[in-house]
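Starting from these lines, generate the structure:
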Amino acid sequence: TTIYVQTLGIRITNNATGCYVISTMDIRVEPLPEPIPPTTPYIICDDNQDGFADFDLSTLITDILGGENYIITFHETEDN
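Residues are numbered from 1 along each chain as shown. So this is what the prediction gives:
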């Protein structure tokens, strides 16, 4: 057997006619992603010394994913 793959026996029934078909279905569990934390600090300069600066965390995604095919999103609060 392949790790993270399981074959299930299934029966699909049409409630209107009572007819059914028996088949199999594979389920696959993908391993959790393992993001790669940045090894250097993400530094942004406050050019006008007002305590604010724009930054774009999406510039870090390629390095964080390390070539894996996942989607990363960023949110201001936990509720978002």
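
I'd like the distance between Glu78 and Val21.
As defined by Cβ to Cβ, to the nearest Å, Glu78 lies at a distance of 45 Å from Val21. In this view, the C-beta of every residue, glycine as well, is placed from N, C-alpha and C.

lowest confidence element among the helices and strands of this protein?
Every helix and strand of the chain was ranked by mean pLDDT, DSSP states H and E. The lowest is helix 61-65, at a mean of 87.

mind listing what's buried in stretch 36-55?
By neighbour count with 16 or more other Cβ atoms under 10 Å, stretch 36-55 contains no buried residues.

residues in contact with it?
Outside stretch 36-55, the residues that touch it by Cβ atoms under 8 Å, 6 or more residues apart in numbering are 57, 60, 63-66.

Quick one: the residues you listed as JSON lines, columns for distance to Leu8 and neighbour count too.
Formatted as JSON lines, the entries for the contacts of stretch 36-55 read as follows, by distance: Cβ to Cβ, whole Å; neighbours: other Cβ atoms under 10 Å:
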{"residue": "Leu57", "distance to Leu8": "40", "neighbour count": "11"}
{"residue": "Leu60", "distance to Leu8": "39", "neighbour count": "15"}
{"residue": "Asp63", "distance to Leu8": "38", "neighbour count": "14"}
{"residue": "Ile64", "distance to Leu8": "34", "neighbour count": "15"}
{"residue": "Leu65", "distance to Leu8": "31", "neighbour count": "16"}
{"residue": "Gly66", "distance to Leu8": "32", "neighbour count": "11"}
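
want to throw those residues into a markdown table with distance to Asn48?
Written out in a markdown table, the entries for the contacts of stretch 36-55 read as follows (distance: Cβ to Cβ, whole Å):
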| residue | distance to Asn48 |
| --- | --- |
| Leu57 | 21 |
| Leu60 | 24 |
| Asp63 | 29 |
| Ile64 | 29 |
| Leu65 | 33 |
| Gly66 | 35 |
